[in-house]
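Peer 1: sequence and computational prediction follow.
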Amino acid sequence: MNNFEFKNPTKILFGKSQIENIKSEIPKDAKVLMLYGGGSIKKNGIYEQVITALANHEVVEFGGIPANPEYAVLMKALNVIKAKNITYLLAVGGGSVIDGTKFLSAAALYEGKEPWDILTNNIPTLKGMPFGTVLTLPATGSEMNSGAVITREDTKEKLAMGGAGLFPEFSVLDPQVIHSIPHRQLVNGITDAFTHVLEQYLTYPAGANLQDRFSESILQTLIEVAPKILEDQTDYAAASNFMWSCTMALNGLIQKGVPTDWAVHAMGHELTALYGIDHARTLAVIAPSHYEYNFESKKEKLAQYGEHVWNITEGSTEDKARAAIKRTEAFFNELGIDTKLSQYTEDYEGTAEEISKRFKARGWEGLGEHKNLTPKDAEKIVKMAY
Ligand code: NZQ
Ligand code: ZN
């Protein structure tokens, strides 16, 4: 187990009717920009709850942030921040709205000319404009971490950013928001959170028993609650467990002291950038091939995962590891998620070469927990996923 430090400054307000408490979290004299997506919050009552809670605050609104938050739209919001002298941001939405808000938090204080440089030049944000979030879709963990992923349609890019200055000051997690989530987004959320754990767990044994148990318990909880929330979105106990699992999967806790991979996300982001495939679905496409391709270096943890999470106890380490990959793919399929690129686009030929070319141009020579996966390896993995 490696040396580590664990600090997470986001305050969580978890439970029923917590939205009304945001009034005590946002400074009274703040000039608030409330950011949201395509309008779901106006249909499910979340918008009214936020507006009511902030009745005594000065609030300006900016709606229309699309899934995979788009740079051009966010630049319009940045103009509003400057023109209206905004001092506090409030994201009301899923990962896309929260990530867009993180970009704005950084861009609002950025002194360079072109905020896109924050992403292309990997500039960490050590101080951003303060912001809070009201989470409407459990999936990404963005509500309790300091990372964001921003899309640029004109160049078909999707790049990550982050830094210690980009933790939300608070996040409201009211499991009742799950009532109105479309089935497609619910299964995406389960798949995304599940893969977040895999990225921080399916590496090599590091003697970190407690972290391994944390990861396994999140995976087990997701497997347990998935059928319950899909059957009944008003099942509050299942919704609570689902929501907390998603947050805990990517708030930094389970990665402390252990190696992490993240190559599945790196390749997946390119599939979203190129074809607009939902984030979680790109992970379900890449993950099985990635684990198959890196079988030798991952087989011990794959076998442990198979045994502890899926009760696969028969056979050798290799047998259990292979069965664990198959079981994972079957889990995604059972949720209704396709796991081959050709099921999403007919234009898949050449994708692997294009991704390899992009990684090479960015100088990404060492992906994965051993930092030894080259762009050529990524090409082979993506090809296996056709
Ligand atoms: O836009 P509206 O109308 O609000 O509808 C949204 C959107 O269409 C809808 N929705 C959200 N909450 C709802 C709801 N509909 C009904 N009722 C509700 N309560 O769901 C749709 C998808 O929303 P989106 O925010 O795009 O989904 P998600 O939370 O999955 O976020 C995906 C984005 O997060 C990034 C992804 O790459 C992608 O851009 N990620 C961010 C991470 C992070 N910051 O840590 C990590 C992840 O790995 C991921 O990369
Ligand atoms: Zn993800």
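Peer 2: Arrived safely, thanks for sending. Ligands and ions are numbered 1, 2, ... in the order given.

Peer 1: ok, longest helix in this structure?
Peer 2: Longest helix in the chain, counting residues (DSSP state H): helix 209-231.

Peer 1: what about that helix, distance to the chain center?
Peer 2: 17 Å (CA atoms, centre = their mean, to the nearest Å).

Peer 1: after that helix comes which helix or strand?
Peer 2: Going down the chain from helix 209-231, the next helix or strand is helix 236-249, by DSSP states H and E.

Peer 1: picking that back up, so what does the longest helix of the chain touch, helix or strand wise?
Peer 2: Packing partners of helix 209-231 (3 or more CB pairs under 8 Å, 6 or more residues apart in numbering; DSSP states H and E): helix 183-201, helix 236-249, helix 295-310. Just so you know, the C-beta spots here come from the backbone N, C-alpha and C atoms, and that holds for glycine as well.

Peer 1: near ligand 1 at all, that helix?
Peer 2: No: Helix 209-231 does not reach ligand 1 (CB under 6 Å from any ligand atom); its nearest approach is 12.6 Å.

Peer 1: the inter-axis angle of that helix versus helix 295-310?
Peer 2: 60 degrees (axes from the mean of the first three to the mean of the last three CA atoms, to 10 degrees).

Peer 1: tell me which residues in helix 209-231 are buried?
Peer 2: Within helix 209-231, the residues that count as buried by 16 or more other CB atoms under 10 Å are 211-212, 214-219, 221-222, 225-226, 229-230.

Peer 1: any idea which residue of this structure is furthest from its center?
Peer 2: residue 315 (34.6 Å; CA atoms, centre = their mean).

Peer 1: domain parsing of the protein, as residue ranges.
Peer 2: As given by automatic domain parsing, the domain ranges for the chain are 11-176, 183-384.

Peer 1: a markdown table please, covering these and showing distance to residue 3 and mean pLDDT.
Peer 2: Converted to a markdown table, those look like this (distance: least, CB to CB, whole Å; pLDDT from 0 to 100):
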| stretch | distance to residue 3 | mean pLDDT |
| --- | --- | --- |
| domain 11-176 | 18 | 98 |
| domain 183-384 | 8 | 98 |
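
Peer 1: quick one, which of these is nearest to residue 5?
Peer 2: domain 183-384 (8.0 Å; CB to CB).

Peer 1: and that closest one, how far apart are its ends?
Peer 2: Its first and final residues considered, domain 183-384 spans 28 Å by CA to CA, to the nearest Å.

Peer 1: three-state assignment of residue 159?
Peer 2: strand (DSSP: H, G, I helix; E, B strand; the rest coil).

Peer 1: surely it meets residue 149?
Peer 2: Yes: if you go by CB atoms under 8 Å, residue 159 and residue 149 touch, sitting 7.1 Å apart.

Peer 1: who touches both of the two?
Peer 2: residue 269 (CB atoms under 8 Å, 6 or more residues apart in numbering).

Peer 1: the two - which one has more neighbours?
Peer 2: residue 149 (25 against 19; other CB atoms under 10 Å).

Peer 1: shouldn't that one be within a strand?
Peer 2: Yes: using three-state DSSP, the secondary structure at residue 149 is a strand.

Peer 1: please list all residues in contact with the closest residue in space to it that isn't next to it in sequence.
Peer 2: The shortest distance from residue 149 to any non-neighbouring residue, by CB to CB, 6 or more residues apart in numbering, is to residue 160 (5.1 Å). Counting by CB under 8 Å, 6+ apart, residue 160 touches 119, 147, 148, 149, 269.

Peer 1: most neighbours of all those, which one?
Peer 2: Of all these, residue 148 has the most neighbours under the rule other CB under 10 Å, reaching 28 neighbours.

Peer 1: how near is the nearest residue to residue 241 once chain neighbours are set aside to ligand 1?
Peer 2: The spatially closest residue to residue 241, leaving aside those adjacent along the chain, is residue 225, at 4.8 Å (CB to CB, 6+ apart). Taking CB to the nearest ligand atom, to the nearest Å as the measure, residue 225 and ligand 1 are separated by 17 Å.

Peer 1: hmm, residue 225 is touching residue 243, no?
Peer 2: No: judged on CB under 8 Å, residue 225 makes no contact with residue 243 at a distance of 9.6 Å.

Peer 1: wait, residue 383 touches residue 352, no?
Peer 2: Yes: here residue 383 reaches residue 352: they are 4.2 Å apart, a contact under CB under 8 Å.

Peer 1: of those two, who's got more company?
Peer 2: residue 352 (23 against 18).

Peer 1: give the next helix or strand downstream of the helix or strand hosting the more buried one.
Peer 2: Element membership for residue 352 (DSSP H and E) is helix 351-361. Once the chain leaves helix 351-361, the next helix or strand it forms, by DSSP H and E, is helix 375-384.
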